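Novice: Structure of the sequence below:
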Amino acid sequence: MIELFFFESEAEAIAAAHTLEKLGGGAKKLLAECIEHQSITRKSVSESARALENEGFIFIKESDDLFDKSVQMKPSLWGEEAMDVLEFLAQRVYSGTHSN
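Specialist: Have a look, this model is predicted:
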């Protein structure tokens, strides 16, 4: 298993990875972009972004500026580690070492 920093147990990390998987490809792609850049800005909040925020994978901050209605999204440690675990599990399945 990969080294865990945020999650207290392997089971908790795997459960978060499965939750992320269930959010779909758009959410995973958005989270990956947030992780890569550590902060991304958009004009509005998508359904995928709200789902990620609701699960604690990202933080969303909407601008208070009347002339700049932008939205900033940053990954949480929960989200970063869930993505790592999801990638680890996918690699394990791909390489044929998955045991259930």
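
Novice: Can you pull the poorly scored residue ranges out of this structure?
Specialist: 1, 93-100 (pLDDT under 70).

Novice: so where's the longest helix in it?
Specialist: helix 77-94 (DSSP state H).

Novice: Just the buried positions in it, please.
Specialist: Within helix 77-94, the residues that count as buried by 16 or more other Cβ atoms under 10 Å are 78-86, 89. For the C-beta atoms, the positions are set from N, CA and C on the backbone; glycine is no exception.

Novice: Distance to residue 51 for those residues - can I get that in TSV?
Specialist: Output for those, formatted as TSV (distance: Cβ to Cβ, whole Å):
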residue	distance to residue 51
78	14
79	12
80	17
81	18
82	13
83	14
84	19
85	18
86	15
89	20
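
Novice: tell me which of these is nearest to residue 7?
Specialist: Checking the buried residues of helix 77-94 against residue 7 by Cβ to Cβ gives residue 81 as the nearest, at 6.0 Å.

Novice: residue contacts, that closest one?
Specialist: By Cβ atoms under 8 Å, 6 or more residues apart in numbering, the residues touching residue 81 are 4-7, 13, 16.

Novice: Just give the nearest non-adjacent residue to residue 19, would you?
Specialist: residue 55 (5.8 Å; Cβ to Cβ, 6 or more residues apart in numbering).
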